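1. Sharing a model that was predicted from the sequence below.
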Amino acid sequence: MSREKAYLQMLESTAAIQWNVALILEAKAVEAEKVKQWTQHHIHARVFDTHEEQLKESLSIHEVIVEMVEGLTKLENGLYSNLKAVLGSGEEDGGGGEGFEGEGFGFGEDSK
């Protein structure tokens with residue numbers, strides 16, 4: 001298999017993964033809306049004996065959300081590495097994937 005075909009296959013696979021990530025995010029958005037509605041109706045001061053218990057429950061919900069976002073971030077960083085390899089192959093003319101680094105997108109080497 002030639003290098004170009006391998007890169008094309010990487011790009012096609014990346015596009016398929018991104019499509020699936022979009023579907024996952026859509027499902028997570030629906031789920032998050034349900035969780036929001038449930039939380040608004042059940043996580044309030046009347047339900048808990050102390051403020052600490054309410055805070056603990058809120059923090060546990062927040063922790064799950066943060067873990068999900070961290071997982072998606074790791075996935076996207078992996079996809080970025082693949083795209084950087086493909087785009088980096090044609091950088092002899094000065095173009096390539098370097099434009100995203102350091103521009104607030106979190107794609108720099110220090111974000112790994």
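-> Good, I have the coordinates.
2. show me where pLDDT drops low in the protein?
-> Low-confidence segments of the chain, defined by pLDDT under 70: 89-112.
3. could you pull out the helices for it?
-> Secondary structure of the chain (DSSP state H): helices at 3-42, 51-88.
4. Could you list the buried residues of the longest one?
-> Looking back up the chat, that one is helix 3-42. 7, 14 (16 or more other CB atoms under 10 Å). The way it works is simple: take the backbone N, C-alpha and C, and place the C-beta from them, glycine included.
5. From the contact counts, what lies against that helix?
-> With contacts taken as 3 or more CB pairs under 8 Å, 6 or more residues apart in numbering; DSSP states H and E, helix 3-42 sits against helix 51-88.
6. What is the helix it packs on packed up against?
-> Using 3+ CB pairs under 8 Å, 6+ apart: helix 51-88 touches helix 3-42.
7. Tell me how many other residues surround residue 51.
-> 9 (other CB atoms under 10 Å).
8. any idea how far residue 44 is from it?
-> 11 Å (CB to CB, to the nearest Å).
9. swap in residue 28?
-> Residue 28 is 24 Å from residue 44, by CB to CB.
10. quick one, what contacts the residue lying farthest from the centre of the chain?
-> Within the chain, the residue lying farthest from the chain centre (CA atoms, centre = their mean) is residue 49, at 36.3 Å. For residue 49, the contact set (CB atoms under 8 Å, 6 or more residues apart in numbering) is empty.
11. got it, and residue 76?
-> residue 21.
12. what about it, distance to residue 18?
-> 9 Å.
13. I'd like to know how many residues surround residue 80.
-> When neighbours are counted by other CB under 10 Å, residue 80 comes out with 19.
14. cool, and the one 5 residues further on?
-> Applying other CB under 10 Å, we find 12 other residues in the vicinity of residue 85.
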